[in-house]
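S.K.: one predicted model, sequence on top.
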Amino acid sequence: MAETLVTVDISGKPIQTTPEAKEIIEALTQEKSALPSVVYLYDSVGSDLFEEITRQTEYYPTGKESQILQDEADDIARFPDERASEYRKSYKREFPSALIELGAGSGKKMKPLLDASESLCSANCTYIPLDYSASALEENATVYNNFELRGPNMKFRKIVGTNEEGMDKADTCAEGRRTYLYLGSSIGNHEDPVPFLREIRSHMRLQDRLLVGVDLAANESKPSDVITLAYNDKNGVTARFTLNSLTVVNRIANLNFNIGDFMHVAEYDNKTDKIVTHAECIHESSISTVVNGQPHHIRTYYPGDRIFVEQSAKYSPTNIARLAKEAGFLSSKSWLSNGYYGVFELLPDFISEISNISTFIFDQLVGDENFDDRPIELRNPWAFYRGHLPAFSDIKALNLAGKEFWRENFERGVDPIVDNPSSCHWHSNLLKSWPKPDEFRTYAEDVRCALLKEVHQKGYTPEIIMSLEHESMHCETLMYMAHVYPHLKRDILHPHGNFVSPPTSKQEMFENSREASVPVPGGPTRLGASRENMLAEKFHWDNELPQRNTHVESFRISKNPVTNNEFSKFIRDGGYKQSDVWGGTQSKAWKWLQRENRVCPTSWILGDNFLKDGIFAVHTLLDGDVSSVDCGNWPAIVTLYEAEAFCSWRGDGARIMSEAEYERFFQSNKGFQMAAKRGNNNWKVRGFGPVGSFKDEVSGVSDMVGNGWEWTSSLLEAHDGFVDMKNYPGYSSDFFDGQHYVLKGASPYTSSHIIRPSFRNFYQPNYGYMLAKFRVCW
């Protein structure tokens, strides 16, 4: 395959070169000349030199970190809930886990932690070192084998690539709970570490954690001279490491740096708590590159000119807590070495994340002045949910003193039968007058702070996880209620920053035909969460348990969900007037259709000449009515009745997939985590986008874990051995009524911590507000 070439401007001339060479040349020719990335420090020679640096007397970080790992291995190896005193003597980890080390290098420091993990685990524990340097990982594998870990549960899998590439790959092979490790004070090499910490955070699930090795800033116990000497060893190893980077860029960008013209300079700045490394010119040096035999001048360096190579920031514990909070983490625990060095445990802060989303909905989308309104007939007023979300967490996880009023009046909402709204499970009675908006906000903040305190002390308990998942599900239902609310505010900010617009629609017509579908092999299929999943994740809803086995016959699945353009053909062909495709005139679906006088999906607006020109619009949450020209390739958001009628109209055996078939699809290719990471979910974009545009294809099938929940043809039923959960009886069993169907996957507003293969959403087939799509199976 021919190498990809790009254009770089050199002295006003466009030159064709490689992307890597362009990156290097552009960085060197900036006003402040620099290497573009620390990656260029770590070829095989650089990796070897860094290992030699760690053995120098002056370089204390490696020794201090290794001593912490040695002395505190048993404590560090345990997740927060495993450090409880009652676990210490007899506890064995019965669920799979993984240690994912970023920038792992040789891995020599990991032996104490791996030994402790071996002693702790009775289930698989996989060590996954990631590194850009293949040679470093070869040494890592040799070192690991020399550790002579005897436990049959200890596994090893190395991944070569950048940290970002490695984490993507680790998503597919890391079982159970994960401990991410970013050791060696590498956090200090980032100009701003927050974006990288957020990238790690994006891969983490609720029960995962991050261990960060931190070289502490100068303090009373650690003078700045100690830091300076660590980067200027008397044997000159660090100098060779710095100047080797010039050899690396020579090779990649075909440059002509003479290392003898430069020297290593590393200086500590007490104001910024950073040590900054440069290659400083000591003899005039003209740098050029050769392309197709022709030299092209890049830059001339004069004595005193500097090339920025890397920096290493030092942090106080207070600053680490600040960075953690900004990146979406909680500071959980730290292990320190006499003011010199620390290993900090960070947990993903899902509490503040979901609290921010709730605040966004109530304060920005709805507004205080609209709290009394009931957005849809089948649900309560906004005010009830503003109190219900924190009250549920209070009831299940906290029982805060003096908050009885909230717990008594906001315990449970309503979900009546669509065809008979008077038929509903037990629910809280509505107050005649609501508390003031600021009283709602104060109570919600009290609950948030109390939850954070609990997590800091105990980690995420099952009660807290249930509370978070409950609030996340409600935030999604609040969004679809807001979808049809006429007084919605649209001049808003997104809870995670600004909403990203979905990709631009492409107007080619997708035809979900049997011939263009993807075959899925039949075979044994597991439904629900396993015991290991339950132990690792600590909480599942009762309808996910216990896991059961079934067999699925081979089937075919459409590559994309049915689009608005496809569904419009069904409408224009008179689909809403053909009783036979709805199951006949006596079917529940047809009777519902007639009673509602329904001519199209809930969010559609048909043009005056729709039957002739096919022009329609779709009402959206934040962008008003979007023309069919722009939303034609979005997934059709419909009820299950409408989806089944479409399939009947299509003929040729078209149907909706079952829950077991959805599970079988992912168990045959193990692509769920990748699809979840890339799919249109977790509040990434403003709303729906064109099918197949989110780069989340698995085995040629797109949008399986995002861009709308996936309707299945399966009734919500109890697994054999089902038991009502003690802390929330009736969550599922109230809906084992033959009128609720299972949905899988995620919508744009589904939070990441409830996106898992076993999660079962459920709604009535004629509930018109769900953010649900469908695809055709055969």
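M.R.: Sure, I can see it.
S.K.: C-alpha only now, for contacts and for neighbours.
M.R.: OK.
S.K.: residues touching the least confident helix or strand in the chain by mean pLDDT, excluding its own?
M.R.: When the helices and strands of the chain are scored by mean pLDDT, DSSP states H and E, strand 6-10 comes last with a mean of 83. Applying Cα atoms under 8 Å, 6 or more residues apart in numbering, the external contacts of strand 6-10 come out as Pro14, Ile15, Gln16, Thr17, Thr18, Pro19, Lys22, Glu26, His296, His297, Ile298.
S.K.: and the first one, what does it touch?
M.R.: With contacts defined as Cα under 8 Å, 6+ apart, the neighbours of Pro14 are Thr7, Val8.
S.K.: give me the distance between the spatially most central residue of the chain and Phe329.
M.R.: The residue lying closest to the centre of the chain (Cα atoms, centre = their mean) is Ser202, at 3.6 Å. Ser202 is 11 Å from Phe329, where distance means Cα to Cα, to the nearest Å.
S.K.: not counting sequence-adjacent ones, nearest residue to Gly328?
M.R.: Nearest non-adjacent residue to Gly328, counting by Cα to Cα, 6 or more residues apart in numbering: Asp349, 5.5 Å away.
S.K.: in the stretch 651-778 of the chain, which spans are strands?
M.R.: 708-715, 741-746, 761-763, 772-773 (DSSP state E, counting those that start in this stretch).
S.K.: which one of the ones you listed lies closest to Lys403?
M.R.: For these, proximity to Lys403 was assessed by Cα to Cα; strand 761-763 is nearest, at 30.7 Å.
S.K.: hmm, Asn512 and Lys559 touching each other?
M.R.: Yes - under the criterion of Cα atoms under 8 Å, Lys559 makes contact with Asn512 at 7.1 Å.
S.K.: between those two, who's got more neighbours?
M.R.: For Lys559 versus Asn512, the count of surrounding residues by other Cα atoms under 10 Å is larger for Lys559: 27 against 21.
S.K.: using the three-state scheme, assign Leu330.
M.R.: Secondary structure, DSSP: H, G, I helix; E, B strand; the rest coil: Leu330 is strand.
S.K.: and for Glu31?
M.R.: coil.
S.K.: and it, how many neighbours?
M.R.: The number of residues packed near Glu31 is 7, by other Cα under 10 Å.
S.K.: the chain should start at 13 in everything you say after this.
M.R.: Yep, numbering from 13; the last one is Glu43 now.
S.K.: what separation do you get for it and His309?
M.R.: Glu43 sits 16 Å away from His309 when distances are taken as Cα to Cα.
S.K.: one more: Leu223?
M.R.: As judged by Cα to Cα, Leu223 and His309 stand 45 Å apart.
S.K.: okay, these two: which has more neighbours?
M.R.: Counted by other Cα under 10 Å, Leu223 and His309 do not tie: Leu223 has more neighbours, with 19 against 14.
S.K.: pairing partners for the more buried one in the sheet, please.
M.R.: Taking DSSP bridges, one obtains Leu193, Glu357 as the residues bridged to Leu223.
S.K.: per-residue pLDDT of it, please?
M.R.: Looking at Leu223, its pLDDT reads 98.
S.K.: contacting residues around it?
M.R.: By Cα under 8 Å, 6+ apart, Leu223 lies in contact with Thr191, Tyr192, Leu193, Tyr194, Leu195, Val355, Phe356, Glu357, Leu358.
S.K.: show me what contacts the residue nearest to the fourth one when sequence neighbours are not counted?
M.R.: By that I understand Tyr194. Spatial nearest neighbour of Tyr194, chain neighbours left out: Val224 (4.9 Å); criterion: Cα to Cα, 6+ apart. Residues near Val224 by Cα under 8 Å, 6+ apart: Leu193, Tyr194, Leu195, Ser197, Ile199, Val355, Phe356, Glu357, Leu358.
S.K.: quick check: the first one touching Leu111?
M.R.: What that stands for is Leu193. Yes - at 7.2 Å, Leu193 counts as touching Leu111 under the criterion of Cα under 8 Å.
S.K.: ok, now how distant is the residue nearest to Gly340 from Ser744?
M.R.: Distance from Asp361 to Ser744, counting by Cα to Cα: 28 Å.
S.K.: and what of Trp646?
M.R.: 31 Å.
S.K.: tell me which of these two has more neighbours.
M.R.: Per other Cα under 10 Å, whichever of Trp646 and Ser744 has more neighbours is Trp646, with 26 against 20.
S.K.: would you mind measuring from the more buried one to Asn693?
M.R.: Taking Cα to Cα, one finds Trp646 at 14 Å from Asn693.
S.K.: now do Ala89
M.R.: 32 Å.
S.K.: mind checking which of the two has more residues around it?
M.R.: Taking other Cα under 10 Å, Ala89 and Asn693 do not tie; Asn693 has more neighbours (27 against 22).
S.K.: chain neighbours aside, what residue packs nearest to that one?
M.R.: Per Cα to Cα, 6+ apart, closest to Asn693 is Pro760, 3.9 Å.
S.K.: do the same with Arg213
M.R.: Arg213 sits nearest to Pro360 (Cα to Cα, 6+ apart), 6.6 Å away.
S.K.: so the one you found makes contact with Glu338?
M.R.: No - assessed by Cα under 8 Å, Pro360 is found out of contact with Glu338, at 11.3 Å.
S.K.: which one's more surrounded, those two?
M.R.: Counted by other Cα under 10 Å, Pro360 and Glu338 do not tie: Pro360 has more neighbours, with 26 against 14.
S.K.: and the more buried one, its phi and psi?
M.R.: Main-chain dihedrals, Pro360, degrees, to the nearest 10: phi -60, psi 130.
S.K.: give the contact list for it.
M.R.: Pro360 makes contact with Arg213, Met216, Arg217, Leu218, Asp220, Arg221, Gly340, Phe341, Leu342 under the criterion Cα under 8 Å, 6+ apart.
S.K.: what's the pLDDT at the residue nearest to Gly340?
M.R.: pLDDT, Asp361: 96.
S.K.: equivalent analysis for Glu608, please.
M.R.: 93.
S.K.: so Gly200: helix, strand or coil?
M.R.: Here Gly200 is helix, with the state taken from three-state DSSP.
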